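> Here is my input; please provide its structure:
(one chain, ligands or ions: 2)
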Amino acid sequence: MIRGSCLCGAVRFAAKRGSGIVVCHCSMCRKAAGGAFGAFFVALRDEVTWEGAEHLSTYRSSPTLERAFCRQCGTAMTGANLTEPDETIILAANALADDAPLRVIAVEHAASKATWAGDIDEAPHFDGPYPGWEKLKP
Ligand SMILES: [Zn+2]
Ligand SMILES: [Zn+2]
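Ligands and ions are numbered 1, 2, ... in the order given. Next up, the predicted model:
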């Protein structure tokens, strides 16, 4: 079972199977995911069970596409699904549990990568919190 949940735990999904993960750098996915990129995978709609789905809100990001997120904590739970649902559903990989077996297979809209995230690999990395937070000023 592939499990995911939002930050507050009100909404959970479990999918029997999932595709590989596609990362999207487009500005809509960045904003919807609340991060440097969106990350999504595909499941079969009738193989997905939801808990707390009544806490989902939806946003129509394009005339025919709709995204769902937890209205209590804002976590993106689905990608841009067709408003006329087909047999598949796009789920948000950011909601996945740490032991999820899925891995990234492709990166799309790479040219739209956030300019602010361009040097992320060169920045110093810490296993715990950044020790400079308290002294950080603009
Ligand atoms: Zn939540
Ligand atoms: Zn996108």
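> pretty sure His109 is touching Met28, no?
No - look at His109 against Met28 with C-beta atoms under 8 Å: they stay out of range, at 9.3 Å. For glycine as for every other residue, the C-beta is placed from the backbone atoms N, C-alpha and C.
> Could you tell me whether Arg30 really is in a helix?
Yes - when classified by DSSP: H, G, I helix; E, B strand; the rest coil, Arg30 is found to be part of a helix.
> Tell me, how many residues neighbour it?
If you count neighbours by other C-beta atoms under 10 Å, Arg30 ends up with 19.
> Show the contacting residues for it.
Listed by C-beta atoms under 8 Å, 6 or more residues apart in numbering, the contact partners of Arg30 are 36-38, 114.
> hang on, isn't Ala106 packed against Cys24?
No - the pair Ala106 / Cys24 is not scored as a contact, 9.4 Å apart, by C-beta under 8 Å.
> give me every residue that touches Tyr17.
No, residue 17 isn't Tyr; it's Arg. Taking C-beta under 8 Å, 6+ apart as the test, what Arg17 contacts is 2, 43-44, 47.
> One more pass at 10 Å, please.
By C-beta atoms under 10 Å, 6 or more residues apart in numbering, the residues touching Arg17 are 1-2, 41-44, 47-48, 102.
> And those, which of them are buried?
2, 41-43, 47-48, 102 (16 or more other C-beta atoms under 10 Å).
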